[in-house]
Every structure is written in C-alpha cells, then in structure tokens.
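Peer 1: Make a model of this:
(chains A and B)
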Amino acid sequence: NAGVTQTPKFRVLKTGQSMTLLCAQDMNHEYMYWYRQDPGMGLRLIHYSVGEGTTAKGEVPDGYNVSRLKKQNFLLGLESAAPSQTSVYFCASRLGLAVNTDTQYFGPGTRLTVL
Amino acid sequence: SQKIEQNSEALNIQEGKTATLTCNYTNYSPAYLQWYRQDPGRGPVFLLLIRENEKEKRKERLKVTFDTTLKQSLFHITASQPADSATYLCALVNDYKLSFGAGTTVTVRA
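Peer 2: Alright, predicted model coming up:
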C-alpha cells in the first residue's frame, strides 16, 4: 500500500495563478482532509469530505475549493493564488468515526510558494 | 473560543532523561485525545490515543495521561534517545474532525 500520496511535492506560483493539488489514498478510507501548516500555527483544516461526492468547509476555507468525485481522490484547488496561501499543505485520510478507526494518515505534504 | 495549547518553548534534553510535554485545551469536551509525531519535511504520524475514561496509556517508552478535570494531557518520553527528536502534536476529536495544537519541538542531545 502506498498510503496517502500527494502531487506535486513543491510548486511556485505567481499571484493570481491557479493550481490543483491532488491527494490519493489506497486504504479505502471514507474521510479525507486538507490542512495547511504555517510556522507557529499548527495544522489548520481547510476542507474535508465524509464520503465520495461530499465536501464541507473547515476552519480556513476562503480562497480554496475541493472536490471528491472518487472515493480515493481529494482535490484542492486554488483559483487565484495569493501570497497568504504560501504554506505547506497536508492531506489526510481516516477510515471511520469509531475510536478504533479514528487515526488520521497523512501524506508527505506539498510545499507551495506564491510570489 | 476553542483553544489547544502546547508548550510554546522547544524542549532540549539530554539523552536518557525524560521529556514531558503538555497539552491544555479549553471549550472542548473530547471523548479522546491523540498524539502525533512529525519529522521535518514529513507529515504527522499517529503515536497514541487515550480515551476520556483512561487515566494513563503506555506504548514502549511513551506514556500519556489525560485529566478531563484539568483539561490537560501530558506526554512523556522516557529514556529519551536522539532518534526521538521531532515535533509532537496533540489532537482533539471535534465531530468529524481533529483539531491540532501547534506542537512542541523536542531535541535530544547525545
């Protein structure tokens, strides 16, 4: 099993450009999450999905959109990138809600710089 | 508002000593709490989960306590080794989501 993978690993954008980050998991997990991590601020939830075809807003959703057309994939889009979106982005997945299935598995991260 | 606070200072300790990390929370009533380890340039990795009715949980050299009255969890690394150097994150269950603290960076000197 590859676990959770993220594409790309690094990206530099200019202000106003758009891009899509791809997250894929091969563990048949229902729940998927996108976080951003900034120095001193910990992981902040951007959007999440509780199943194929569903998405919901997290703590910091502005400027981002997501889609979960297939169970194994969760896409994060930036329509018009801003320097404030410079960050490291992590995707995570989780099997279910029960306490013994609650562990989140994280991808390796995407380092995004917006100039 | 809800808050999760971890030791703001980085922890530097000598090999063999015990590192103790603190996670305090406000305006949460979590059924359980998790601890994760994060190495530089990598995603967090799950370490331990402790339920609200458990006072203490152990896994090898790791020990976690959970005091719902104090709203606090303590994370101990005993007989620390340089390989334990990393950032440690606590996380609380919040509906479908986990909310994370900012993390405490531990450096173990040989």
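
Peer 1: CA only for contacts and neighbour counts going forward, please
Peer 2: Will do.

Peer 1: burial count for the residue in chain B that chain A sits nearest to?
Peer 2: Nearest residue of chain B to chain A (Cα to the nearest Cα) works out as B:Ala102 at 3.7 Å. Residues contacting B:Ala102 under the criterion other Cα atoms under 10 Å in any protein chain shown number 25.

Peer 1: I figured it was touching B:Leu89, is that so?
Peer 2: Yes. Using Cα atoms under 8 Å, B:Ala102 makes contact with B:Leu89 at a distance of 6.7 Å.

Peer 1: leaving aside the residues next to it on the chain, what's closest to the residue of chain B closest to chain A?
Peer 2: Spatial nearest neighbour of B:Ala102, chain neighbours left out: A:Gly42 (3.7 Å); criterion: Cα to Cα, 6 or more residues apart in numbering or on different chains.

Peer 1: And for A:Arg36?
Peer 2: A:Tyr89 (4.5 Å).

Peer 1: Please name the bridge partners of residue 73.
Peer 2: Here I'm looking at chain A. In this entry, A:Asn73 is beta-bridged to A:Ala24, by DSSP bridges.

Peer 1: switch to chain B, that's the one I care about
Peer 2: Under the criterion used (DSSP bridges), B:Ser73 bridges to B:Cys23, B:Phe66.

Peer 1: Could you check the pLDDT of it?
Peer 2: Note for B:Ser73: predicted pLDDT of 96.

Peer 1: And for it, the neighbour number?
Peer 2: Neighbour number of B:Ser73 under other Cα under 10 Å is 24.

Peer 1: how about it, what does it touch?
Peer 2: B:Thr22, B:Cys23, B:Asn24, B:Val64, B:Thr65, B:Phe66, B:Asp67 (Cα atoms under 8 Å, 6 or more residues apart in numbering or on different chains).

Peer 1: just for chain A, where's the confidence low?
Peer 2: A:99-101 (pLDDT under 70).

Peer 1: measure whichever residue of it sits closest to chain B to A:Val114 for me?
Peer 2: Closest contact between chain A and chain B, by Cα to the nearest Cα, is at A:Gly42 (3.7 Å). A:Gly42 is 20 Å from A:Val114, where distance means Cα to Cα, to the nearest Å.

Peer 1: Thank you kindly, that will do.
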